[in-house]
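Trainee: Quick one, structure for this:
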Amino acid sequence: MKGSVSVLLIVLFVSCRSIEPFSIDYMVPASVNFPSHLKRVVVVNNVSDMPESRLLLREDTLGVNQLVRKTVYYDGVAGLVAESLAEHLAASNYFDEIFICDSALRAGDSIPRESTLRKEEIRELTENFGVDVILSLENLLIKSVNTITFIPEQYIFRGTWDVTVYPTVNIYFSHHDEPVTTICAVDSIFWEKYGNTQASVASVASAKQLMKEITNFAGSVPVKCLVPNWKTANRYTYTSGSTDMRDAAVCVRNNQWDKAYEFWEQANQSKKKKLQMYAALNIAVYCEMNDKIKEAITWATKAQNLAREKEKIELNADSLFVHQLSDYYYITLYLSELQTRKKNLAKLNLQMDRFK
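Mentor: Numbers count the residues shown, from 1 in each chain. Next comes the predicted model:
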């Protein structure tokens, strides 16, 4: 929801100003640091699965105009999720080799339980597969909330599936008797469908296809905690205020960023504070796209100071309640993202050392 609100605010901001929105991709570090000499990994399923693959928990209380609302827990799919985890790790190309242990280590359990690997299991797995790291899926919860709602204003039906996954992965190193750390990840995936009848929105896909997509998604969720990954972020540049700014905007549309930078430098020499602010923000974006994060922070800070001066914002508690469509608000938001990127650089560089 926070992401949706952020996108909505950006759309509103764009509609009120002459700016050019776009998106960029940059790499962020994983939560876990693996020493660079650890290059071979095995993924194991250590979950006690129930024999049924799907368990209907309950019919929930209906909301306004809701015809159906039910919560379903999926079980018996840990093996598929472990395979998906191994596939997504292999696709990341972060480790040299990824293995999957086909055996379900808790298959003999008569009562579901969460248990770490025993010392003997750790030794056998590392020796049999010749690996440095064991990634053990040790608990898995998949919760699906399905609703069917009638929309009287449009006389149509809306079906939704909101699936939340909670995989727990323990990380073991060879010659360690206990997990070195635990990843408790959570994420959700959402589908919706509209139709003229209730039956037409009763399912978004076949049960087999839905299960495939859910287990594939569940296996991908821990990966961003385990290896560096790409993040997509929204950015914008100002496009008006002077001839230089408009010429620079044309250059940006033609992917001529170096030439646009020259125009922004000229605009930055203007005596108009507002134009200086526009140019400073754009130069900050240019620096970020060239991985010059420290320089980007310098320029974004200048833009923030100019925006604060322009909007007469005091540096006190009241400044926390700045109008969310103001230049100061968005420049401050951008500056915060740059500072986060700077803070993560050392960790990211450490994690990428294995490729040098």
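
Trainee: CA atoms for contacts and neighbours, from now on please.
Mentor: OK.

Trainee: hey, where'd the strands end up in this protein?
Mentor: With DSSP state E as the criterion, the chain has strands at 19-28, 40-45, 54-59, 66-74, 97-104, 133-151, 156-173, 181-184, 187-195, 229-238.

Trainee: Packed most tightly, which of these would that be?
Mentor: strand 40-45 (a mean of 23; mean count of other CA atoms under 10 Å).

Trainee: Now do that strand against strand 97-104: the angle between them, please.
Mentor: Angle, strand 40-45 to strand 97-104, by axes from the mean of the first three to the mean of the last three CA atoms, to 10 degrees: 20 degrees.

Trainee: Find out how far strand 40-45 is from the centre of the chain, if you would.
Mentor: Relative to its chain's centre, strand 40-45 lies at 23 Å (CA atoms, centre = their mean, to the nearest Å).

Trainee: Which secondary structure elements does that strand sit against?
Mentor: Taking 3 or more CA pairs under 8 Å, 6 or more residues apart in numbering; DSSP states H and E as contact, the helices and strands that strand 40-45 lies on are helix 78-92, strand 97-104, strand 133-151.

Trainee: at 6 Å what do you get?
Mentor: strand 97-104, strand 133-151 (3 or more CA pairs under 6 Å, 6 or more residues apart in numbering; DSSP states H and E).

Trainee: Specify the beta-bridge partners of the residue positioned nearest the centre of the chain.
Mentor: In the chain, the residue lying closest to the centroid (CA atoms, centre = their mean) is residue 231, at 6.4 Å. When bridges are called by DSSP bridges, residue 231 pairs up with residue 26.

Trainee: got the contact list for stretch 190-198?
Mentor: Contact with stretch 190-198 is made by 156, 157, 158, 159, 160, 161, 162, 201, as judged by CA atoms under 6 Å, 6 or more residues apart in numbering.

Trainee: nearest to residue 352, of these?
Mentor: Closest approach between the contacts of stretch 190-198 and residue 352, by CA to CA: residue 162, at 35.0 Å.

Trainee: Please verify my assumption that the closest one contacts residue 143.
Mentor: No - with contact defined as CA atoms under 6 Å, residue 162 and residue 143 do not form a contacting pair (8.2 Å).

Trainee: For residue 286, grab the count of nearby residues.
Mentor: Neighbourhood size, residue 286 [other CA atoms under 10 Å]: 22.
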